[in-house]
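# Just a sequence and a predicted model for now, questions to come.
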Protein chains: 2
Amino acid sequence: MIENETPPGRRSGKITLVGIGPGSEAHMTQRAREAIAEADVVVGYVTYIKLVAPLLEGKEVVRKGMTEELDRAVSALEAARQGKTVALISSGDAGVYGMAGPTYEVLFQAGWTPEDPVEVEIVPGASALNACAALVGAPLTHDFCAISLSDLLTPWPAIARRLEAAAASDFVTALYNPKSGRRTRQIVEAQRLFLRHRRPGTPVAIVKSAYRRRQHIELCTLADMGEADIGMLSTVLIGNSHTFMRHGLMVTPRGYANKYELDEGGITREGERAGRSLSSGLEGWLQTLAQEHAAGATAQALALRYRLPADYILAALRDAASGQAMPSNLETQP
Amino acid sequence: MIENETPPGRRSGKITLVGIGPGSEAHMTQRAREAIAEADVVVGYVTYIKLVAPLLEGKEVVRKGMTEELDRAVSALEAARQGKTVALISSGDAGVYGMAGPTYEVLFQAGWTPEDPVEVEIVPGASALNACAALVGAPLTHDFCAISLSDLLTPWPAIARRLEAAAASDFVTALYNPKSGRRTRQIVEAQRLFLRHRRPGTPVAIVKSAYRRRQHIELCTLADMGEADIGMLSTVLIGNSHTFMRHGLMVTPRGYANKYELDEGGITREGERAGRSLSSGLEGWLQTLAQEHAAGATAQALALRYRLPADYILAALRDAASGQAMPSNLETQP
């Protein structure tokens, strides 16, 4: 697609993929600012270019449209091949639905390798889910996932399967690209899939333009999120089955209540030990499983009870029987 | 648990939950540095305190052990109640398995509300998954999830269900807390669950101490990750079914190949349009579904074909029949 045009001896260029964070200068990393300062050329989606406008004096600026990701990468490579240092900016993290992927795809197509005169660096940043979470409380304190509802590049069944899996296995879920002028139905389908598994009162936060001038936060529930103002610049956070809303803050407990009596000054619950796995942790659970099986529960019944595949239960029982479950040195390790 | 000890008229305190990013000063945000600079007291896990040591001169420093999250939050609240400004630091993002959750749990227990004299601010940062991804290529370019393998507060069946769901629905997966001196078997179970759905050659990256002095990166596959050096400070990234390894870089394609002929200079594939949903996107898929159903495929057969719940397929067919699937104004919208 692009030929290596670097004449021998000429200064080699560089592409820095810069995650600028949510968009305010205060939440940009030092390395992100430096990378923009070092750049001869700054390439990015026009909205992101505006966010870093105060840093662009004297620089060549290439503004691209929203769907022109591959174009942005091609422009960056062309400039780097001329020996220039190029900052290719993404909002949030350059790796999360950002420019890092498309850029490597274009670079590989062009025959680039890590030995190429053009150097590549990726500068990580806080992604939209981190920024939105910080503004609404502590929704991400437990396992979470990110799903983009954009079907411009991904078939809907793949997206729907992930929504279904995330809802069923109780991930806190961040929906990226939830809605646009044309794509209005995807968010309704997402809600429908989540309502199959989560209660209607599950806390939901919708954050638009986090840490930017038009920042807007809306807290609602899974049942009434359809009435919320959701757009191109929104991220939707759906809580897990333990997430609660209190005093306008959305919080997902880490699970201290599984181990400590929080109402009793934090003493450890009976059968649990500070700094150790729960009694329902892996080793304890394998023990329970073996006992339940010995008491007559079939692998199929245990699979239903724990909502895990029967072949996984069988493998776990096999290991427990062969003594692999509880190596005798476990308790004496430091 | 803690009484409000702020005497009337006394200056009110503040707790700032600071995500310091991966651990190098260059990857800390300006707001994170400011928050530490503004603080009278800095509270954190001893390892994180070391990472920000150059910023701590003249400050009261409270170093806590790894499992003492609730203690750290209690210490922070006690100091804030005395009118002090407290920076409670987390590595990565304060919201992702960080101090934001436990702190709100302690604050609520203590009767704190947002109207309390003690102010709370959360400063987002790049989490371990962002930092690790930046170092190995572009693995997070598509939907991803984070799962902690620590069973100190979470029952194993809940963790196993998430591993199974993430593997089955093709999320790129970041494993946090994959292994410790005592917990060595969880990572083996995770590998077993993933191998039920992903090919043995699936790319895996193991990053230890990203952007810190002892940074160590190991690229391997799902089949041989058991031999890799994984520890307390490692994050494990498992690719999805499209992730590839090339020239020592791990890349997950965004899906441009679904729409563009990348080998042919990027022209749009037949039946696809730039800036529009894929023909297999939601609207196109609903159309296909209705046609397949009209041609005799039962909802059950379609559920199997698309690996989606039969009741979801039925609901989609019902909507398609009632004309909701393709509002006539869709194509004329701007």
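Alright, I've got the coordinates.
# The most centrally placed residue in chain A: what secondary structure?
Centroid-nearest residue in chain A, with C-alpha atoms, centre = their mean: residue A:146, separated by 4.3 Å. Here residue A:146 is strand, with the state taken from DSSP: H, G, I helix; E, B strand; the rest coil.
# Which residue is the nearest non-sequential neighbour of it?
Distances taken as C-beta to C-beta, 6 or more residues apart in numbering or on different chains put residue A:174 closest to residue A:146, at 4.7 Å, once the chain neighbours are dropped. In short, each C-beta sits where N, CA and C put it, glycine included.
# burial measure for residue A:58, as a count.
Neighbours of residue A:58 under the rule other C-beta atoms under 10 Å in any protein chain shown: 5.
# which residues touch it?
Applying C-beta atoms under 8 Å, 6 or more residues apart in numbering or on different chains to residue A:58 gives no contacts.
# what's the helix or strand for it?
Here residue A:58, judged by DSSP states H and E, is contained in no helix and no strand.
# For the stretch 1-150 of chain A, give me the ranges with low pLDDT.
Within the stretch 1-150 of chain A, the stretches with pLDDT under 70 are A:1-11.
# can you give me the helices in it?
A:30-38, A:46-51, A:69-81, A:100-109, A:128-136 (DSSP state H, counting those that start in this stretch).
# which of those helices sits most buried?
Mean neighbours per residue, mean count of other C-beta atoms under 10 Å in any protein chain shown, is largest over the helices of the stretch 1-150 of chain A for helix A:128-136, with a mean of 28.
# other SSEs contacting that one?
On a contact count with 3 or more C-beta pairs under 8 Å, 6 or more residues apart in numbering or on different chains; DSSP states H and E, helix A:128-136 meets strand A:172-176, strand A:203-208, strand A:216-221, strand A:234-238, strand B:119-123.
# ok, the second one near chain B or not?
No: Strand A:203-208 lies out of reach of chain B by C-beta under 8 Å from any C-beta of the partner chain, never closer than 11.6 Å.
# who's in contact with the residue nearest to residue A:146?
Contact analysis of residue A:174 by C-beta under 8 Å, 6+ apart lists A:128, A:129, A:132, A:140, A:144, A:145, A:146, A:147, A:235, A:236, A:237, A:238.
# and the first one, what does it touch?
Under the criterion of C-beta under 8 Å, 6+ apart, the contact list for residue A:128 reads A:22, A:91, A:92, A:96, A:174, A:176, A:207, A:210, A:235.
# Whichever of the residues you listed end up buried, select them in ChimeraX.
Only the buried entries of these go into this ChimeraX selection, using 16 or more other C-beta atoms under 10 Å in any protein chain shown:
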select /A:22,91,92,96,174,176,207,210,235
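# Most widely separated two among the contacts of residue A:128?
Between any two of the contacts of residue A:128, the greatest separation by C-beta to C-beta is 15.5 Å, found for A:96 and A:207.
# Please enumerate the helices of the stretch 201-334 of chain A.
A:282-294, A:299-306, A:310-321.
# In JSON lines, list those along with mean neighbour count, distance to residue B:269 and mean pLDDT.
Formatted as JSON lines, these follow (neighbours: other C-beta atoms under 10 Å in any protein chain shown; distance: least, C-beta to C-beta, whole Å; pLDDT from 0 to 100):
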{"stretch": "helix A:282-294", "mean neighbour count": "18", "distance to residue B:269": "46", "mean pLDDT": "95"}
{"stretch": "helix A:299-306", "mean neighbour count": "16", "distance to residue B:269": "42", "mean pLDDT": "96"}
{"stretch": "helix A:310-321", "mean neighbour count": "17", "distance to residue B:269": "38", "mean pLDDT": "91"}
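# Now tabulate the ones you listed in TSV and tack on distance to residue A:35.
Below are these laid out as TSV (distance: least, C-beta to C-beta, whole Å):
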stretch	distance to residue A:35
helix A:282-294	42
helix A:299-306	48
helix A:310-321	45
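# can you redo those as a markdown table with distance to chain B?
Formatted as a markdown table, the helices of the stretch 201-334 of chain A follow (distance: least, C-beta to the nearest C-beta, whole Å):
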| stretch | distance to chain B |
| --- | --- |
| helix A:282-294 | 4 |
| helix A:299-306 | 4 |
| helix A:310-321 | 7 |
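# for those, which one sits closest to residue B:305?
Proximity of the helices of the stretch 201-334 of chain A to residue B:305 was assessed by C-beta to C-beta; the nearest stretch is helix A:310-321, lying at 22.9 Å.
# Compute the inter-axis angle for the closest one and helix A:299-306.
If you take axes from the mean of the first three to the mean of the last three C-alpha atoms, to 10 degrees, helix A:310-321 sits at 100 degrees to helix A:299-306.
# With just CA atoms, put helix A:310-321 into PDB.
Only the C-alpha atoms of helix A:310-321 are listed here, as PDB (Å, rounded to 0.1, in the frame of the first residue of the first chain):
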ATOM      1  CA  ALA A 310     -20.300 -30.500  33.300                       C
ATOM      2  CA  ASP A 311     -16.900 -31.400  31.700                       C
ATOM      3  CA  TYR A 312     -15.200 -28.700  33.900                       C
ATOM      4  CA  ILE A 313     -16.900 -30.200  37.000                       C
ATOM      5  CA  LEU A 314     -15.700 -33.700  35.900                       C
ATOM      6  CA  ALA A 315     -12.200 -32.500  35.400                       C
ATOM      7  CA  ALA A 316     -12.100 -30.800  38.800                       C
ATOM      8  CA  LEU A 317     -13.500 -34.000  40.500                       C
ATOM      9  CA  ARG A 318     -10.900 -36.100  38.700                       C
ATOM     10  CA  ASP A 319      -8.100 -33.800  40.000                       C
ATOM     11  CA  ALA A 320      -9.500 -33.800  43.500                       C
ATOM     12  CA  ALA A 321      -9.600 -37.700  43.400                       C
END
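# Quick check: which helices or strands does that helix pack against?
If contacts are counted by 3+ C-beta pairs under 8 Å, 6+ apart, helix A:310-321 sits against helix A:282-294, helix A:299-306, helix B:186-195.
# Identify whichever of those lies nearest to residue B:73.
Smallest distance to residue B:73 across those (C-beta to C-beta): 26.0 Å, for helix B:186-195.
# picking up where we left off before, residue B:104: which of the contacts of residue A:128 is nearest?
Using C-beta to C-beta, those come closest to residue B:104 at residue A:207, 17.3 Å.
# list the contacts for the residue lying closest to that closest one once chain neighbours are set aside?
The spatial neighbour of residue A:207 that comes closest, neighbours along the chain excluded (C-beta to C-beta, 6+ apart), is residue A:132 at 3.9 Å. By C-beta under 8 Å, 6+ apart, residue A:132 lies in contact with A:174, A:205, A:207, A:210, A:235, A:237.
# Just name the closest of those to chain B, please.
Minimum distance to chain B across the contacts of residue A:132 is 8.7 Å, recorded for residue A:210 (C-beta to the nearest C-beta).
# What residues does the residue lying closest to that closest one once chain neighbours are set aside make contact with?
With C-beta to C-beta, 6+ apart as the criterion, residue A:210 has its nearest non-adjacent residue at 4.1 Å, and that residue is residue A:131. Neighbour list for residue A:131: A:21, A:22, A:27, A:92, A:207, A:210, A:211, B:124 [criterion: C-beta under 8 Å, 6+ apart].
# Was I right to think the first one contacts residue A:89?
No: with contact taken as C-beta atoms under 8 Å, residue A:21 and residue A:89 are classed as non-touching, separated by 10.7 Å.
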